[in-house]
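S.K.: structure for the following, please:
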Amino acid sequence: MVIHLGSTVEQANLHGQQLYLANIAWPATRPLTGNVRGASKPRTPRRDPGHGSVEFSPIEQLQLVLFEMPRDLAAARAKGPWADPPDAKMAAFLDAAVLDHARRHGWAKSTVKRTRLAMRVLQLMQDTPGSMLLASDAMQLQTIGLTAIPVIDVATAAGVMLDDRQPAIHAWFATTVAGLPEQMRTDLTEWFDVMVNGSTTPPRRHPRDHTTVRVHLRWAMPALSIWAEQGHQSLREITSADIRAILPTSGNPRSTMGAGLRSILTLLKARKILFVNPIARIQTGSYERRDPLPAHADKIREALLSPDPACASLAALATFHGLRAGELRNLHLTDLNANRVHVGGRNILLAEPVRVRLAAWLDHRNRRWPHTANPHVFLNHRNSSRATPVGPRWLTLTTGIPIQDMREDRILHEARATSGDVRRICDLFGLTVEAALRYLPPAELDDQESS
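M.R.: Predicted coordinates for the structure are as follows:
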């Protein structure tokens with residue numbers, strides 16, 4: 001369209017205008033496709049993991065969107081077959097990556113088929129075709145029954161995945177403090193951010209484990225909720241008298257609530273959000289450990305005699321040799337050597353009932369997942385196509401009784417059988433002397449203290 005000098009604004013806008021971004025160097029050799037705007041910077045080409053001829057370099061400049069709009073994948077699927085990905089080179093690169101990853105990890109044909117389809121759909125979801133894939137987009141594939149985790153694994157290994165997923169603890173924190181006053185939530189958000197991400201400015205802090213953050217906030221929430229009901233809007237209003245009035249008189253309830261409040265108030269005082277730390281001079285005591293107790297023999301016997309080879313072998317290793325849950329989850333095939341297992345710096349000679357049950361599980365494992373590349377002894381349907389250990393919850397769901405209960409029962413039995421031989425308990429179960437003393441009967445403990 002030619003605009004003559006002297007034209008009015010209405011005449012110039014009659015047929016629309018073509019807008020361009022200023023100071024953009026348009027590529028001379030690559031035509032623009034789709035909704036890509038801007039030039040692509042040259043990057044080191046990525047070859048497919050199988051060392052084939054497919055090379056691909058994700059573009060760096062992204063097409064921004066005017067507003068975020070959730071994608072209706074179910075409606076798109078209902079319209080018919082999925083279209084081909086917009087960037088043919090990227091599609092070929094990722095398809096080769098899926099096939100190579102499947103070969104190296106022993107995937108079944110059905111898993112390969114689902115992952116290849118999911119990878120194609122994920123590329124169709126991109127606002128800028130040919131750019132890095134997003135893990136948050138991949139998780140949306142589960143809404144239409146497609147696999148997400150294998151897609152993320154493949155793209156991450158190929159170097160074209162950005163993990164922009166928010167950890168689950170962020171949503172948990174927002175839900176937990178939702179009922180508190182706004183200023184109190186702001187104070188707690190400062191504490192939460194430092195605990196989760198750490199701080200590089202004085203006072204510096206390392207990030208804490210997410211379980212620690214959850215436990216501390218859960219311990220402090222009863223007090224925070226009561227203060228909110230009493231009309232307090234901010235933690236700056238809390239005094240030592242308020243804390244003494246709300247703390248339980250003694251025992252673990254007092255120590256746990258005190259630990260949660262101390263974590264929050266001490267950090268906020270260090271960040272100069274609070275003028276004084278109201279709990280600084282209040283003694284709340286230490287957590288009282290419970291004495292180890294024998295487990296229910298019927299439940300252990302049921303787990304040992306279970307027809308499920310995974311249940312029987314897990315129960316045998318925990319009951320006969322006192323292995324921890326983490327040791328069972330991270331046990332590798334290379335840790336097994338003839339009739340011995342190497343774990344935690346110990347070389348354990350396996351008892352005959354353990355060898356029988358472990359052999360039955362390994363036979364089942366080889367039949368169920370003959371081509372898996374996972375090096376761990378214990379597998380399930382979730383990690384058989386990956387190289388990760390089973391989840392901690394799977395152990396209890398499989399055995400029906402916590403591994404720690406079976407381990408403690410075994411240590412208690414050994415303590416009674418050896419009349420409290422601390423050295424033997426430490427050597428057999430990988431305990432420190434202080435931890436081993438918890439399992440001694442009162443009489444033997446008195447003898448140890450007197451000597």
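
S.K.: so what pLDDT did the spatially most central residue of the chain get?
M.R.: For the chain, Pro167 is the residue whose C-alpha lies nearest the centre (CA atoms, centre = their mean; 7.4 Å). Pro167 carries a pLDDT value of 89.

S.K.: that one: what's it in contact with?
M.R.: 196, 210 (CB atoms under 8 Å, 6 or more residues apart in numbering). Every C-beta, even on glycine, is put in place using the N, C-alpha and C of the backbone.

S.K.: can I see the domain layout of the protein?
M.R.: Per automatic domain parsing, the structural domains of the chain span 47-58+67-162, 169-270, 297-437.

S.K.: what average pLDDT does the one helix or strand Ala316 maps to get?
M.R.: Ala316 belongs to helix 309-321 when assigned by DSSP states H and E. Helix 309-321 carries an average pLDDT of 94.

S.K.: after that helix comes which helix or strand?
M.R.: Past helix 309-321, the next helix or strand by DSSP H and E is helix 325-329.

S.K.: neighbouring contacts of that following helix?
M.R.: With CB under 8 Å, 6+ apart, helix 325-329 has contacts from 314, 317-318, 343-344, 376, 378, 389-392, 395, 402-404.

S.K.: out of those residues, which end up buried?
M.R.: Buried by 16 or more other CB atoms under 10 Å: 314, 317-318, 343, 376, 378, 389-390, 395, 403, out of the contacts of helix 325-329.

S.K.: nearest to Thr143 among the residues you listed?
M.R.: Of all those, Thr143 sits closest to Val390, with 25.8 Å by CB to CB.

S.K.: next one: phi and psi at that closest one?
M.R.: phi -70, psi 160 (degrees, to the nearest 10).

S.K.: residue contacts, Ala360?
M.R.: By CB under 8 Å, 6+ apart, Ala360 lies in contact with 309, 312-313.

S.K.: whoops, Ile300 was the one
M.R.: For Ile300, the contacting residues are 315, 319, 401, 406, 409, by CB under 8 Å, 6+ apart.

S.K.: okay, and for the protein, where does confidence drop off?
M.R.: Within the chain, the segments meeting pLDDT under 70 span 1-7, 9, 11-12, 15-53, 442-451.

S.K.: give me that answer again for 80
M.R.: 1-54, 61-65, 286-294, 441-451 (pLDDT under 80).

S.K.: quick one, strands of this protein?
M.R.: 46-47, 55-56, 133-134, 161-162, 336-337, 340-343, 346-349 (DSSP state E).

S.K.: parallel or antiparallel, which strands does the third one pair with?
M.R.: Take DSSP bridges as the rule and strand 133-134 pairs in its sheet with strand 161-162 (parallel).

S.K.: quick check: Ser385 touching Arg103?
M.R.: No. In this structure Ser385 lies outside contact range of Arg103 using CB atoms under 8 Å: 12.0 Å.

S.K.: more crowded one of the two?
M.R.: Ser385 (26 against 14; other CB atoms under 10 Å).

S.K.: so who does that one touch?
M.R.: Residues in contact with Ser385, defined by CB under 8 Å, 6+ apart, are 105-108, 111, 150, 372, 374.

S.K.: reformat these as CSV; add neighbour count.
M.R.: CSV is the format used below for the contacts of Ser385 (neighbours: other CB atoms under 10 Å):
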residue, neighbour count
His105, 20
Gly106, 15
Trp107, 23
Ala108, 15
Thr111, 17
Pro150, 23
Thr372, 20
Asn374, 21
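
S.K.: which one of these is nearest Leu331?
M.R.: Asn374 (11.8 Å).

S.K.: chain neighbours aside, what residue packs nearest to the closest one?
M.R.: Nearest non-adjacent residue to Asn374, counting by CB to CB, 6 or more residues apart in numbering: Ala387, 5.5 Å away.

S.K.: now do the contacts for that neighbour.
M.R.: So Ala387 contacts 105, 373-375 (CB under 8 Å, 6+ apart).

S.K.: so which of the residues you listed is the closest to Trp361?
M.R.: For those, the minimum distance to Trp361 (CB to CB) is 14.1 Å, reached by Asn374.

S.K.: what about Pro203, neighbour count?
M.R.: For Pro203, the tally of surrounding residues (other CB under 10 Å) stands at 11.

S.K.: same check on Pro375?
M.R.: For Pro375, using other CB under 10 Å, the count is 12.

S.K.: just checking, it touches Leu336?
M.R.: No. Look at Pro375 against Leu336 with CB under 8 Å: they stay out of range, at 11.2 Å.

S.K.: in JSON lines, list the domains of the chain along with distance to Asn13.
M.R.: Formatted as JSON lines, these follow (distance: least, CB to CB, whole Å):
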{"stretch": "domain 47-58+67-162", "distance to Asn13": "23"}
{"stretch": "domain 169-270", "distance to Asn13": "45"}
{"stretch": "domain 297-437", "distance to Asn13": "57"}
